[in-house]
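Engineer: Predicted model, plus sequence, below.
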Amino acid sequence: MMANYSIGSCYIIKQNAGAESVGGVEVRISPKHNDAGTITVNRTDWRTGEVLADLEEQQVEEAILGVKSLATEIEFPLDDFDITIQKFVSHSVDWNPRCVRQAGRSAFRAAVEGFQGRDL
C-alpha cells in the first residue's frame with residue numbers, strides 16, 4: 001500500500017562577513033484525519049530527532065507563518081490537510097527569523113509539489 005503523504009524540507013545557511021544566519025524545517029502533509037485539518041509542531045532536532053527543549057517559540061511561529069503565507073498565495077486548502085512541522089535547525093545565536101520563515105515556505109512548497117505531482 002502506498003503512503004498518502006508527502007514530505008519537503010529546507011535548510012538555509014546564509015554566510016555574511018562575521019556572522020551566519022541559519023534556519024530550517026521539515027514539513028509533512030497528508031489528508032486530514034478529522035473534520036478539519038491541523039498544524040502540528042514536533043520540536044525535534046534536524047540531525048538527531050531528539051526533542052529540542054530550548055527551541056524558541058518565535059522559531060515555531062516563523063515556520064508556521066512560512067507555511068500559512070505560501071498556502072494563502074497558492075490557495076492551498078489547509079483545512080483539508082494535516083500538516084506536521086518538525087526537524088528544526090536550532091542555534092541559540094545564529095538562528096534567524098527570516099531564514100526559518102523562508103525554510104517553512106520552501107519545505108511546504110516541496111511537500112505540496114510532491115503530493116500534487118507537479119511543480120508550483
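Structural biologist: Nice, thanks for sending it over. Note that the coordinates shown come from a computational prediction; the quantities given were computed from them, not determined experimentally.
Engineer: give the contact list for the closest residue to residue 55 other than its chain neighbours.
Structural biologist: In space, not counting the residues next to it along the chain, residue 55 is nearest to residue 43; the distance is 4.6 Å by Cβ to Cβ, 6 or more residues apart in numbering. To be clear about C-beta, it is placed using only N, CA and C from the backbone, and glycine gets the same treatment. The contact partners of residue 43, by Cβ atoms under 8 Å, 6 or more residues apart in numbering, come to 51, 52, 53, 55, 60, 86, 88.
Engineer: Residue 43 and residue 86, how far apart?
Structural biologist: The spacing between residue 43 and residue 86, counted by Cβ to Cβ, to the nearest Å, is 8 Å.
Engineer: And for residue 37?
Structural biologist: Remark: distance between residue 37 and residue 86 (Cβ to Cβ) = 16 Å.
Engineer: Who has more neighbours out of the two?
Structural biologist: The neighbour count for residue 37 versus residue 86, taken as other Cβ atoms under 10 Å, is higher for residue 86 (21 against 17).
Engineer: my guess is the more buried one meets residue 45, correct?
Structural biologist: No - between residue 86 and residue 45 no contact is recorded; they are 9.4 Å apart, counting by Cβ atoms under 8 Å.
Engineer: Nearest spatial neighbour of residue 91, chain-adjacent residues omitted?
Structural biologist: Residue nearest to residue 91 in three dimensions, not counting chain neighbours: residue 22, with 5.5 Å by Cβ to Cβ, 6+ apart.
Engineer: in what helix or strand does residue 107 lie?
Structural biologist: Applying DSSP states H and E as the criterion places residue 107 in helix 97-116.
Engineer: Surely residue 22 and residue 96 touch.
Structural biologist: Yes - applying Cβ under 8 Å as the test, residue 22 and residue 96 come out as touching, 6.7 Å apart.
Engineer: Excluding sequence neighbours, find me the nearest residue to residue 24.
Structural biologist: Of all residues not flanking residue 24 in the chain, residue 11 sits nearest, at 3.3 Å (Cβ to Cβ, 6+ apart).
Engineer: The one you found reaches residue 88, doesn't it?
Structural biologist: No - applying Cβ under 8 Å, one finds residue 11 not in contact with residue 88, separated by 9.7 Å.
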